[in-house]
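Participant: output the structure for:
(2 chains)
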Protein chains: 2
Amino acid sequence: MAESPVINESPLKIIPLGGLNEIGKNMTVIQYEDDIFVIDSGLAFPEEELLGIDVVIPDITYLKKNLSKIRGIVITHGHEDHIGALPYVLKEINVPVYGTRLTLGLVENKLKEHKLNDIKLVTIVPGQIIKLGVFEVEPIRVCHSIADAVAYAIKTPYGKIVHTGDFKIDFTPIDGQKMDLSRFARLGDEGVLALLADSTNVVREGYTMSESTVGETFEDIFKHAEARIIVASFASNIHRLQQIINAAYLNNRRVAFSGRSMVNVSNVAMELGYLKLPEDIIVDVKDIDRYPENEIVVITTGSQGEPMSALARMANSEHRSMEIVPGDLVILSSSPIPGNEKSVSKIINQLTKKGAKMIYESLADVHVSGHAKQEELKLMHALVRPKYFLPVHGEYVHLDRHKRLAQEMGMNSNNIFILSNGGVLEFTSKTAKIGKSVPAGRVFIDGLGVGDVGNIVLRDRKHLSEDGLIIIVVALSSTTGELVNGPDLISRGFVYVRESEILMDGARKVVDAEINKCLNKNIKDWATLKSSVRDALSQYIYQNTKRSPMILPIFMEV
Amino acid sequence: MAESPVINESPLKIIPLGGLNEIGKNMTVIQYEDDIFVIDSGLAFPEEELLGIDVVIPDITYLKKNLSKIRGIVITHGHEDHIGALPYVLKEINVPVYGTRLTLGLVENKLKEHKLNDIKLVTIVPGQIIKLGVFEVEPIRVCHSIADAVAYAIKTPYGKIVHTGDFKIDFTPIDGQKMDLSRFARLGDEGVLALLADSTNVVREGYTMSESTVGETFEDIFKHAEARIIVASFASNIHRLQQIINAAYLNNRRVAFSGRSMVNVSNVAMELGYLKLPEDIIVDVKDIDRYPENEIVVITTGSQGEPMSALARMANSEHRSMEIVPGDLVILSSSPIPGNEKSVSKIINQLTKKGAKMIYESLADVHVSGHAKQEELKLMHALVRPKYFLPVHGEYVHLDRHKRLAQEMGMNSNNIFILSNGGVLEFTSKTAKIGKSVPAGRVFIDGLGVGDVGNIVLRDRKHLSEDGLIIIVVALSSTTGELVNGPDLISRGFVYVRESEILMDGARKVVDAEINKCLNKNIKDWATLKSSVRDALSQYIYQNTKRSPMILPIFMEV
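Facilitator: The predicted model follows:
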């Protein structure tokens, strides 16, 4: 039944704003008239083709244009893809940041590194109401692969919005902080205008296992291990760390942390009481050799095969304090993030060659996902029963699958919206429709540069990476226009010149002939000269090598 | 019981010689005194970090040094990683190539492309004995994801060697050509000195399903499809193509091929009778619009998400004859090769966005592997019962697992050898030991260049790809040594210069100041000048951007 819009009602807007290939993963914007607030400010790690790029953050042009309207940023949890862009965003938009205690502990650390000292951080607890302009925002406890994660229920002029954030349903979480299912159920009873829900694992059937199942596996493995144990995991998975520590304690082993982020995060978690440690269990990784091998567990970064991580350094004999030796038991308590499969299998090979015994996800239950699978998502839909549904946190294929899941549960496809980043869904009291998009996109961070590397620079990097470059250096007389010096050819990343003398001699002759041909024709316009020379050399090189290096003619007038 | 070697016995050598990260995958060498023969001459596709490299072939220095001893090359099957290096190898070593009919059909095609017309190709059939010097080589029928695959049993002075090649055990193969299990059993009865066996799937439990199970899935899917069907698969998987064609025929659909290798391989297979076609079933892909949508199946390349493949072009509206439209059913009849996961998920996203319905491995049984899993490998070991075992065709972790599998079946670990490429296993009548390695490695092909891109060039490409370059151009007077022209800075792949004027102006000033400082100090040696300027600019750039572009000072004397 089509309902007609009430004339002149201001729209309530939901705008997914950040994500590399995913929609609304790193940032979501909610707006009504002059009130805006932001959910999460995360970063993404670049794909291989973004050559030289360190991280990718959302384009916040829209927020900068509406600076005075922004009431705050609320954070769902402390993962990089939800907090990592905060330093960049807060430099442009100094607004209060709301989050749970652990989340803000991690945020604070990050802001310190960026020397941002004037940001107002507001610690919140589930159930509390945050007033952000016209909005009333309520955090709700959820489970995830980091402690202290929350979803948000948002009271708006046209009804309630529920944003799940990243979540899984864990009935036996490590910290006893169960997901507040009854609050989601009550919200459903009260009526929910729109649900935004995590789609990461929507293509997977069944349920994600409880984090506590991993602890049982650890206890079992540790009980039978006879030498050192090295466990690689995400530093932020504090429950995982807790379970490793518990298993170590039960088996009379001490624990050392290795890797910068492991040390940083475990410190924050210990200070704030999220990581509970038996006395004297922690030793410095420098001191582990003082203990028998069967009394040590090292918890390290590097579970994704990152080449500079502590685990990779151990595997390559580049770690300051330790090295993998035959007999070591290495556990990868993780699953390769898509795109990292090769680097993970590389480190498994390296460690196996060093004589380590390897245990990883496909061999034992040493990892569980932090995201809800199909049955958990269905439960969320069944509890919240929204009028409208926006699948978020996933690539297009995931959102499409999540849409089908909602349809299978009885939702009308007209009430489900798959947006792009920058897409705007507008609600009035009676209607929902796609509005005019706002600027959105990916801003590349390379070193200190924010956004100074764009498509042209990346295209050049790609060209240089594939075939290298040849520089043609020529000096022409300012009086006669004649060739005074050169042509000299300099190449990088093209061929090993010492073994390609014939090719390079030929190239020089081609350039020389072309310049003289042009000069004899009385062509003295440099642009024409350069492009003739570039074309001639390019053709010669392609004919002889089937390659197209970048060719840079440098002409100098003397 | 240790046996003592017979003095002065010439060793029989097994040398795995080719593979990117795998051992003995692309090439294996067998030698006794002055007789050498080669098993397979394949190529590997480079990993991302081999920037600009097209393919990788084995280093055949050892073969070139022993040219007169080489009696021939025997091929196990027609996949690129077993025949792809033949054109390069045969240019250096013109020896007869032995293979089954389909294998040589594909080889012939490849040699034609490389204009190699003087190679002797010898068609063989399973059971036939090939005399290669002192060796008697016998092909044995095996099943794999390409038709006409064989293993080899090799009679040597010290006993028989069995090399499985790539294989799986398929009791219901599409062409009825069952693996010759009884020959492997008889070889076991007769006594086998050494087994070399495929380790690709050794980490997977159970059995690989029969290729024919995929046909059943196709028939079922095709029966219920209402619009066009597009199936992406490897061109060389002729049994797969046959099953797609069969399912099309049963459902009154015509078949079009798209993609260069799909057209090439299907032509060879049709000519040689390996692909059996109902009359008039094939249509040109240009003509498919003449038929109703539910009467068409397109078989295409691109199942690995290759960006230039026919499927990718369909997804990007760049295909000459067709485009994906809503309702199209696209089946990826494949599994992502490690490293290709991202590109496969990218094409799934693109096609889903275009409105295609996608079916791929994780959703339905539209693919099976061509390699034996654990239970099949155990069967092979149980039949052949070798004295010595060399796991091959896998990365280190696979070979290590295969070693354990053999040990679990009762083999003594002293009789199992994990070699590297170039490693040599030497047998005498009583002993087996690791001998002195031979040169081995990876030769990079970039365009027409074979081996002219080495580590220095790759390092430069990597540097250029990450931070780009800055060229400093300076002209100095040949008489006074003074600065005549410049410094000019030219950058590529570094920053978008128009938006970084302040940075680049500063850079120019730094260079200018440094040159003048040097000249004032009367430093006129160009090497010193260049390195001072490079260092000064490098430091300035790093301080301001935390990046390290390649810096090339070009000084010209005028």
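
Participant: how about low-confidence regions in chain A?
Facilitator: A:1-7 (pLDDT under 70).

Participant: what do you get if the cut-off is 50, keeping everything else the same?
Facilitator: By pLDDT under 50, the weakly predicted segments of chain A are A:1-2.

Participant: which residue does the stretch 101-250 of chain A bring closest to chain B?
Facilitator: residue A:203 (7.1 Å; CB to the nearest CB). Yep, even glycine has a C-beta here, placed from its N, CA and C like the rest.

Participant: tell me the secondary structure at that residue.
Facilitator: Three-state assignment for residue A:203 (DSSP: H, G, I helix; E, B strand; the rest coil): coil.

Participant: correct me if wrong: it contacts residue B:362.
Facilitator: Yes - with contacts defined as CB atoms under 8 Å, residue A:203 counts as touching residue B:362 at a distance of 7.1 Å.

Participant: excluding chain neighbours, what is closest to residue A:433?
Facilitator: For residue A:433, ignoring the flanking residues on the chain, the nearest one in space by CB to CB, 6 or more residues apart in numbering or on different chains is residue A:426 at 5.7 Å.

Participant: before we move on, which element is that neighbour in?
Facilitator: Using DSSP states H and E, residue A:426 falls within strand A:425-427.

Participant: okay, now the sheet partners of that strand, with direction.
Facilitator: Paired neighbours of strand A:425-427 in the sheet (DSSP bridges): strand A:12-18 (antiparallel), strand A:432-434 (antiparallel).

Participant: can you add mean neighbour count and give those strands back as TSV?
Facilitator: Listed next are these as TSV, based on neighbours: other CB atoms under 10 Å in any protein chain shown:
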stretch	mean neighbour count
strand A:12-18	27
strand A:432-434	14
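
Participant: looking at chain A, which residue lies furthest from center?
Facilitator: Distance from the centre of chain A peaks at residue A:480, with 58.3 Å (CA atoms, centre = their mean).

Participant: for the residue of the stretch 101-250 of chain A closest to chain B, give me its contacts.
Facilitator: A:397, A:398, A:401, B:362 (CB atoms under 8 Å, 6 or more residues apart in numbering or on different chains).

Participant: now do the strands in the stretch 1-150 of chain A.
Facilitator: A:12-18, A:27-32, A:35-39, A:55-58, A:70-74, A:97-99, A:121-123, A:130-132, A:135-141, A:150-156 (DSSP state E, counting those that start in this stretch).

Participant: can you put those in a markdown table and add distance to residue A:181?
Facilitator: Below are those laid out as a markdown table (distance: least, CB to CB, whole Å):
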| stretch | distance to residue A:181 |
| --- | --- |
| strand A:12-18 | 24 |
| strand A:27-32 | 23 |
| strand A:35-39 | 21 |
| strand A:55-58 | 31 |
| strand A:70-74 | 21 |
| strand A:97-99 | 22 |
| strand A:121-123 | 24 |
| strand A:130-132 | 22 |
| strand A:135-141 | 10 |
| strand A:150-156 | 11 |
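
Participant: can you name the residues of the stretch 1-150 of chain A that neighbour chain B?
Facilitator: Contact residues, the stretch 1-150 of chain A versus chain B (CB under 8 Å from any CB of the partner chain): A:21, A:47, A:48, A:51, A:52.

Participant: now which of these would you call buried?
Facilitator: A:21, A:47, A:51, A:52 (16 or more other CB atoms under 10 Å in any protein chain shown).

Participant: out of those, which comes closest to residue A:542?
Facilitator: residue A:51 (23.0 Å; CB to CB).

Participant: still on that earlier bit, from the buried ones among the residues of the stretch 1-150 of chain A next to chain B, which two are the most distant?
Facilitator: A:21 and A:52 (19.0 Å).

Participant: what sits closest to whatever residue of the stretch 1-150 of chain A ends up closest to chain B if chain neighbours are left out?
Facilitator: In the stretch 1-150 of chain A, the residue that lies nearest chain B is residue A:52 (3.8 Å; CB to the nearest CB). Once flanking residues are discounted, residue A:52 sits nearest to residue B:466: 3.8 Å by CB to CB, 6+ apart.

Participant: list the contacts of the host helix or strand of the one you found.
Facilitator: Here residue B:466 sits within helix B:455-467, counting by DSSP H and E. Contact partners of helix B:455-467, identified using CB under 8 Å, 6+ apart, comprise A:51-52, A:446, A:461-462, A:464-466, A:468-469, A:492-496, B:49-53, B:444, B:493-494, B:547-550.

Participant: 7 Å instead?
Facilitator: Applying CB atoms under 7 Å, 6 or more residues apart in numbering or on different chains, the external contacts of helix B:455-467 come out as A:51-52, A:461, A:464-465, A:468, A:492-496, B:50-52, B:493-494, B:547-550.

Participant: which of the residues you listed are buried?
Facilitator: Counted by 16+ other CB under 10 Å, these give A:51-52, A:461, A:464-465, A:468, A:492-496, B:50-52, B:493-494, B:547, B:549-550 as buried.
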